[in-house]
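>>> give me the fold of what follows.
(2 chains)
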Amino acid sequence: MAIRVQAGDFDVGAEYAAFTAGRTSVGGVAMFVGLVRDIAGGEAVSAMTLEHYPGMTEKQLEAIEEEARRRWPLDDVLVIHRHGRLEPGDRIVMVATASAHRDAAFESCRFLMDWLKTKAPFWKLEAMPDGERWVEAKDSDDAAAARWAE
Amino acid sequence: MKILYFAWLRSKIGVPTETVDLPAEVATAGDLVEWLKTRSPRHAEALANSKVVKVAVNQEHVPYDHPIAATDEVALFPPVTGG
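Here you go, the predicted model:
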């Protein structure tokens, strides 16, 4: 079980190795890694700065993990989310889930990302050729989270 | 009460936090947003569209009818865009 909010980068291979080390009951791991894109709404993005609400971020991510564990039989969950200034190609977020069976791993990984996008207090500021712009929340993200309503 | 602002609400209002003395009639998160609009033209402009002004009380998302108390940590921010 791990929730990490950090400015620094992470090594996906090393995280995967640590996540699975010594876990012979795990039948499958699902991972999602989110990256900074170099284009948004047809405009070039040269950098992205992620602001967050220290304290609430960790609290919300822990609550999201707890909800995933309530819904699926998971051996472990890892969520890493970066903040600060990032550039195109940089890793922003990583979610990994481990379970005896693939369905639980796949579904919970998607659930964690969908819920994180609408509940974890992060805000993206994109640097464009004509200045900086705060990213607006998308209705499609709300719809993705709503899919998981019980 | 300590209030925190994030993202464009912070830049529009011009400060990351402020401490306010709440009048007795401010009982809910929605009351607070309405009352804050009266503090300055910057507040009024930043908080004009309540659809994009979200509230957290003690680091939990809350609806506008959620009660607030002077000892609460209240944060105002736009819809989140992480991930």
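
>>> for residue 23, which non-adjacent residue is spatially closest?
Defaulting to chain A. The shortest distance from residue A:23 to any non-neighbouring residue, by C-beta to C-beta, 6 or more residues apart in numbering or on different chains, is to residue A:75 (6.1 Å). (C-beta placed from N, C-alpha, C; glycine too.)

>>> chain B is the one I meant
residue B:35 (6.9 Å).

>>> quick one: name whatever helix or strand follows the helix or strand containing that neighbour.
Using DSSP states H and E, residue B:35 falls within helix B:29-36. Where DSSP H and E defines the elements, the next helix or strand beyond helix B:29-36 is helix B:41-46.

>>> other SSEs contacting whichever helix or strand comes after that next one?
Per DSSP H and E, the first helix or strand lying C-terminal to helix B:41-46 is strand B:54-57. Using 3 or more C-beta pairs under 8 Å, 6 or more residues apart in numbering or on different chains; DSSP states H and E, the elements in contact with strand B:54-57 are helix B:29-36, strand B:60-62, strand B:73-77.

>>> list the buried residues in the lengthiest helix in chain A.
In chain A, ranked by residue count with DSSP state H as the criterion, the top helix is helix A:102-119. Of all the residues in helix A:102-119, those buried under the rule 16 or more other C-beta atoms under 10 Å in any protein chain shown are A:104-105, A:107-119.

>>> so how far is residue B:29 from residue A:84?
29 Å (C-beta to C-beta, to the nearest Å).

>>> what's the answer for residue A:21, then?
Residue A:21 is 45 Å from residue B:29, by C-beta to C-beta.

>>> what helices or strands is the helix or strand containing residue A:49 leaning on?
Taking DSSP H and E as the criterion, residue A:49 maps to strand A:47-52. Counting contacts by 3+ C-beta pairs under 8 Å, 6+ apart, strand A:47-52 packs against strand A:84-86, strand A:122-128.

>>> among these, which is the most enclosed?
The highest mean neighbour count among those, using mean count of other C-beta atoms under 10 Å in any protein chain shown, belongs to strand A:122-128: a mean of 20.

>>> for it, which outside residues touch it?
Defining contact as C-beta atoms under 8 Å, 6 or more residues apart in numbering or on different chains, one finds that strand A:122-128 is touched by A:40, A:43-52, A:57, A:81, A:83, A:132-135, B:6-8, B:77-78, B:80-83.

>>> cool, and stretch A:25-45?
In contact with stretch A:25-45 (C-beta under 8 Å, 6+ apart) are residues A:12, A:16, A:19-20, A:48, A:75-76, A:86-102, A:105-106, A:108-110, A:113, A:126-130, A:135, B:83.

>>> if you set the cut-off to 7 Å instead, what comes out?
Stretch A:25-45 is contacted from outside by A:12, A:16, A:19-20, A:48, A:75, A:86-102, A:105-106, A:109, A:113, A:126-129, B:83, using C-beta atoms under 7 Å, 6 or more residues apart in numbering or on different chains.
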